[in-house]
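J.: Any chance you could fold what I've pasted below:
(chains A and B)
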There are 2 protein chains.
Amino acid sequence: MLKKLQEVATTVNELIVNDDFPTGVEPDYLRATVMDYPLRGGKRLRPALLLWCCGLLGGDTDKALYPAVAAELFHNWTLVHDDIIDEDRMRRGQLTTHEDLRLFAYNKFNGGDLASDKFGQSFAILAGDIQQGWALNTILKSAQHGLSSELAVALAQRLLHLGNCQLISGEALDVEFPMRKWQNISSEEVLHMLELKTGALLRFCAEAGAAIALDSCDFKRKEIKMLGDFAAAAGIAFQLHDDWLGIFGNFDKLGKDIASDLASEKPTILLLKTFESLKPELQLHLAGMLGLDEYDEKIINQVRKLMLDCGAEAYLREKSDNYIAQATKILSEFPDNEYRSALLELTFFLVNREK
Amino acid sequence: MLKKLQEVATTVNELIVNDDFPTGVEPDYLRATVMDYPLRGGKRLRPALLLWCCGLLGGDTDKALYPAVAAELFHNWTLVHDDIIDEDRMRRGQLTTHEDLRLFAYNKFNGGDLASDKFGQSFAILAGDIQQGWALNTILKSAQHGLSSELAVALAQRLLHLGNCQLISGEALDVEFPMRKWQNISSEEVLHMLELKTGALLRFCAEAGAAIALDSCDFKRKEIKMLGDFAAAAGIAFQLHDDWLGIFGNFDKLGKDIASDLASEKPTILLLKTFESLKPELQLHLAGMLGLDEYDEKIINQVRKLMLDCGAEAYLREKSDNYIAQATKILSEFPDNEYRSALLELTFFLVNREK
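T.: Have a look, this model is predicted:
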């Protein structure tokens, strides 16, 4: 499957490099920034999902290419703004957009720390804003590349609904969580946040691929809805696996990440479910192991033991398995072709990652 | 004309209040924030421009309503992000979005100053992001309200080009200026920035109104291009008048604003043109009156005298007059009807404001 993903990545890259939308952006280093994340690569899961759902229903995947690239561009601008909000320094092994621009300003304008910092943030906000427009322009371009204008409009509106309303609402809930005590957040709230933040755009990809194959603007149509549900379920399984890796992942590889999540009291479903399942005295014990300055494998193993003993770890794995079962069951109702195999492989790939 | 503007404002407000796009936004206070700026009012110049350019060419202004509202929404999301970048506290007599959210977080979550500040900025970024989507969704909705899908796609793509590429490039140049010494910025660069930051969206409004009237997707068509040029010229005259008011406005009303522009060494065309026209010793004199901690009318009058004596003030007024002449000449080539009168009045209104 990785080869199949690679083929998608090559096609996507080519279209992004050659697209004329960013041409007019000034100054030139802002134009370069706008192209940066979209060309950093990544697995291109969203374009693959869109193209393969189109192929699954016998559609011409060439007609789905612009929408597939649009979904990838949309994903990328949300990363640029997320990285500002989360104050992250690194993204895919390189500096985040705002950090990169901060450094640029520091060197080019001798801006001083404070001014460079502010400049980095401001320009990163603007870069994301332009990228959002680029994503929309790309999906609308599909009207000039094989789709009817009606369908291009319908796809764009669906992207705006699932992407701007739902995905960003999920991001907002995620930003709100740390303002509240983690003990007051329920695992259901976190699940809901994940459905919005990750599930919504994956749902869009699957729906869009199906709608293009069927040449239909009716997102309530059975096949379109089914594939949307498939993608959303796979996406949540992916997130739950992420949760699991965040505690039970290989200590040598992920020890630092595990420690940082515990140190920041990150409200994951696994943590909250554990808390909800424990007796009051063990709740205190768990709370005492969060927010520490330092972590070693011994403390992490104590956290793990609590999660295993109270059944929260098993609950999480079972929940993830259920979502995978739901996703694969949906796929099984579609005809068996190369795209169905690829989508099935993609689903299992998502929940068998080590990182 | 103000009555005619009021009519536009009423129609625009009604559509914004009742539009379903923000319905799904969570949490509820983010939804309220998304509606906030768009409902604060303002003069609704952009919708008026769009509707009247449509009417000028005999188009059905009802069909132009969704694009008109889209232009207003687009303008509003750029204000939300601009206000974060400029760290402004007030907008139209109320707190800016990020300040409003900062205060909200401080009260609701007992967040402390730093966390509330960060929360205000993060949520304001997300609010603007959603509003950008709202603007695009609104222009695409015109396909369900009287326009062909082809035209809706073409209008949206034109908005993305002029709005996301050009307008945001203008904003970026404006953010870059303070990182450089103002003496190294030319008045041409500032003019170019204004053409992008203000001119591009006004150009879109005029072009869109004309394109709707003519049911044409060809933005190179003569009437469409002419009206675009009209709007861009009027917009620059408006900005030049702003520059002039920023120094020569009524001291009792605008003294504080004048002082703050001089204190922050804001690179306006008037300031740069003055600097370019002065002999070296007077350049030093001018530079010495910038960036001070305090200003009284006496210092401001000295700055004014320099600007008058070297001819920079006259240059600015002449330039503004030329743009107005250019704008009105274009209008004179269109048939005389109530919309032409309204557009003419609008043009003179822009350059006869006292603030």
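J.: Now name the helix or strand holding the residue of chain A most remote from its centre.
T.: Within chain A, A:E281 marks the point farthest from the mean C-alpha position, 36.5 Å out by C-alpha atoms, centre = their mean. According to DSSP states H and E, A:E281 maps onto helix A:280-288.
J.: Check which helices and strands that helix sits against.
T.: If you count contacts as 3 or more C-beta pairs under 8 Å, 6 or more residues apart in numbering or on different chains; DSSP states H and E, helix A:280-288 packs onto helix A:269-277, helix A:297-309. Using the backbone N, CA and C atoms, a C-beta is placed for each residue, glycine as well.
J.: Which of the ones you listed has the highest mean neighbour count?
T.: Counting by mean count of other C-beta atoms under 10 Å in any protein chain shown, helix A:269-277 has the highest mean neighbour count of the helices and strands packed on helix A:280-288, with a mean of 22.
J.: Give me the residues contacting that helix.
T.: A:182-183, A:185-187, A:190-191, A:194, A:240, A:243-244, A:246-247, A:283, A:286-287, A:290, A:306-307, A:310-313, A:315-316 (C-beta atoms under 8 Å, 6 or more residues apart in numbering or on different chains).
J.: Can you tell me which of these are buried?
T.: Buried by 16 or more other C-beta atoms under 10 Å in any protein chain shown: A:182, A:185, A:187, A:190-191, A:194, A:240, A:243-244, A:246-247, A:283, A:286, A:290, A:306-307, A:310, A:312-313, A:315-316, out of the contacts of helix A:269-277.
J.: Please state the offset of the worst-scoring helix or strand of chain A on mean pLDDT from the chain centre?
T.: Counting by mean pLDDT, DSSP states H and E, chain A has its least confident helix or strand at helix A:251-263, which shows a mean of 84. Relative to its parent chain, helix A:251-263 has a centroid offset of 21 Å by C-alpha atoms, centre = their mean, to the nearest Å.
J.: Identify the residue nearest A:D229 in space, chain neighbours excluded?
T.: A:I330 (6.1 Å; C-beta to C-beta, 6 or more residues apart in numbering or on different chains).
J.: for the record, mean pLDDT for the longest helix anywhere in chain A?
T.: In chain A, taking DSSP state H as the definition, the longest helix is helix A:112-141. The average pLDDT for helix A:112-141 rounds to 97.
J.: elements contacting the helix or strand just after that helix?
T.: Reading on from helix A:112-141 to the C-terminus, the next helix or strand found by DSSP H and E is helix A:149-159. Counting contacts by 3+ C-beta pairs under 8 Å, 6+ apart, helix A:149-159 is packed against helix A:65-86, helix A:112-141, helix A:200-214, helix B:112-141, helix B:149-159.
J.: In JSON lines, list the ones you listed along with distance to B:D88 and mean neighbour count.
T.: Output for these, formatted as JSON lines (distance: least, C-beta to C-beta, whole Å; neighbours: other C-beta atoms under 10 Å in any protein chain shown):
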{"stretch": "helix A:65-86", "distance to B:D88": "18", "mean neighbour count": "25"}
{"stretch": "helix A:112-141", "distance to B:D88": "13", "mean neighbour count": "23"}
{"stretch": "helix A:200-214", "distance to B:D88": "32", "mean neighbour count": "28"}
{"stretch": "helix B:112-141", "distance to B:D88": "11", "mean neighbour count": "23"}
{"stretch": "helix B:149-159", "distance to B:D88": "25", "mean neighbour count": "24"}
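J.: A:L30 contacts A:A127, correct?
T.: Yes: under the criterion of C-beta atoms under 8 Å, A:L30 makes contact with A:A127 at 6.3 Å.
J.: Where does pLDDT dip in the stretch 151-300 of chain A?
T.: The model of the stretch 151-300 of chain A has no residue with pLDDT under 70.
J.: Looking at it, which residue is nearest chain B?
T.: Closest to chain B within the stretch 151-300 of chain A is A:N164: 2.8 Å, counting by C-beta to the nearest C-beta.
J.: Could you check how far the residue nearest to that residue when sequence neighbours are not counted is from B:N352?
T.: Spatially, and ignoring its direct neighbours in sequence, A:N164 is nearest to B:G133 (2.8 Å; C-beta to C-beta, 6+ apart). Distance, B:G133 to B:N352, by C-beta to C-beta, to the nearest Å: 36 Å.
J.: thinking again about what came up before, of all the helices and strands packed on helix A:280-288, which one is nearest B:P38?
T.: Proximity to B:P38 (C-beta to C-beta) singles out helix A:269-277 among these, at 35.9 Å.
J.: Helix A:297-309 and the closest one, what's the angle between them?
T.: 60 degrees (axes from the mean of the first three to the mean of the last three C-alpha atoms, to 10 degrees).
J.: and helix A:269-277, how far from the chain's centre?
T.: 23 Å.
J.: Tell me, how many residues neighbour the spatially closest residue to A:E26 that is not a sequence neighbour?
T.: Spatial nearest neighbour of A:E26, excluding adjacent residues (C-beta to C-beta, 6+ apart): B:S169 at 4.1 Å. Using other C-beta atoms under 10 Å in any protein chain shown, B:S169 has 23 other residues around it.
J.: Next: A:L173.
T.: For A:L173, using other C-beta under 10 Å, the count is 20.
J.: Let's verify it: helix, strand, or coil?
T.: helix (DSSP: H, G, I helix; E, B strand; the rest coil).
J.: That one contacts A:L196, doesn't it?
T.: Yes: contact criterion C-beta under 8 Å: A:L173 and A:L196 qualify, at 7.0 Å.
J.: List the residues that are in contact with both of these two.
T.: Joint contacts of A:L173 and A:L196 (C-beta under 8 Å, 6+ apart) are B:E26.
J.: contacting residues around the most centrally placed residue in chain A?
T.: Chain A has A:T198 as the residue nearest its centroid, 4.8 Å off, counting by C-alpha atoms, centre = their mean. Going by C-beta under 8 Å, 6+ apart, A:T198 touches A:170, A:235-236, A:238-239.
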